[in-house]
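> Following is a predicted model, sequence given first.
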Amino acid sequence: MAVVKALRISDKTASGARNEKSIGVAIQVEGLTDILNDLQRIEPSFNKEMRKAGQAVAQLLVNEAVKEAASVTRARQALEVMKGMRAQNDRLPTIKLAHSSGFVSKSRPNRGRKPAAKVTRGQVFFGAEFGGGAQKKTRQFLRHRGQSGYFFWPTVRKEKKNIAQEYLQALNTVMKRELFK
């Protein structure tokens, strides 16, 4: 049986700078990739079924994060960012932000801006999630909350036990269905 080793939340590059293109949460499970690789060698269709299961588990988290985003004080920014969140078709539950897609603003829409000045969801994610207000250019966001966040990371922390349970249950189901036909 695989053992959960650690929870690591990372949105920074190796140099310590924030990277809008690679926001990630990793629940490290010791030996999980080895188990998945071995099971794929035994049954080739296992990988395809695990991808479906991983995407389903990630979609549950996206759905919960959307609900949490709707409960934020100024929910419009959070909901607009969440429109760019997608559950990926991967063996492990993976969520990605369509960081380069346009952010729809009612007060200052992109259609009136020059191409270089268009605002993307990736640019707004950190302000909508963690807040701002210390600088003039971040006053459109809620008060800065440090690392706690407003909608996405609180949902991840709240649902991490469910994510692990759902994923292990999906793994069990796929193993029974694919290996013991």
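Now that the structure is in, tell me what you want to look at. Residues are numbered from 1 along each chain as shown.
> what's E80 sitting at in phi/psi?
Geometry field for E80 lists phi and psi as phi -70, psi -40, criterion degrees, to the nearest 10.
> That one reaches F125, doesn't it?
No: the criterion here is Cβ atoms under 8 Å, and E80 misses it with F125 at 10.1 Å. In this view, the C-beta of every residue, glycine as well, is placed from N, C-alpha and C.
> I95: what's its closest spatial neighbour, skipping adjacent residues?
With Cβ to Cβ, 6 or more residues apart in numbering as the measure, A58 is the residue that lies nearest to I95, at 5.1 Å, once sequence neighbours are left out.
> Would you agree the one you found falls within a strand?
No: under DSSP: H, G, I helix; E, B strand; the rest coil, A58 sits outside any strand and is assigned helix.
> That one: how many residues sit nearby?
Per other Cβ atoms under 10 Å, the neighbour tally for A58 reads 24.
> how much space between it and K176?
Between A58 and K176 the distance is 21 Å, computed by Cβ to Cβ, to the nearest Å.
> Could I get the average pLDDT for the helix or strand harbouring G54?
When elements are assigned from DSSP states H and E, G54 belongs to helix 45-70. Confidence for helix 45-70, expressed as mean pLDDT, is 93.
> Just the buried positions in that helix, please.
Of the residues in helix 45-70, 46-47, 49-51, 53-55, 57-62, 64-66, 68-69 count as buried by neighbour count, 16 or more other Cβ atoms under 10 Å.
> How about stretch 76-93?
Per 16+ other Cβ under 10 Å, stretch 76-93 contains these buried residues: Q77, A78, E80, V81, M82, G84, M85, A87, R91, L92, P93.
> Stretch 154-174 now?
Using 16+ other Cβ under 10 Å as the burial criterion, the residues of stretch 154-174 that qualify are P154, T155, V156, E159, I163, A164, E166, Y167, L168, A170, L171, V174.
> now those as CSV including pLDDT and secondary structure?
Formatted as CSV, the entries for those read as follows, by pLDDT from 0 to 100; DSSP: H, G, I helix; E, B strand; the rest coil:
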residue, pLDDT, secondary structure
P154, 92, helix
T155, 93, helix
V156, 90, helix
E159, 91, helix
I163, 89, helix
A164, 86, helix
E166, 90, helix
Y167, 89, helix
L168, 87, helix
A170, 89, helix
L171, 87, helix
V174, 87, helix
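> what about the residue nearest to V104 when sequence neighbours are not counted, distance to V66?
Of all residues beyond its chain neighbours, the one nearest V104 is E80 (5.7 Å), with distances taken as Cβ to Cβ, 6+ apart. Distance check for E80 against V66: by Cβ to Cβ, it reads 11 Å.
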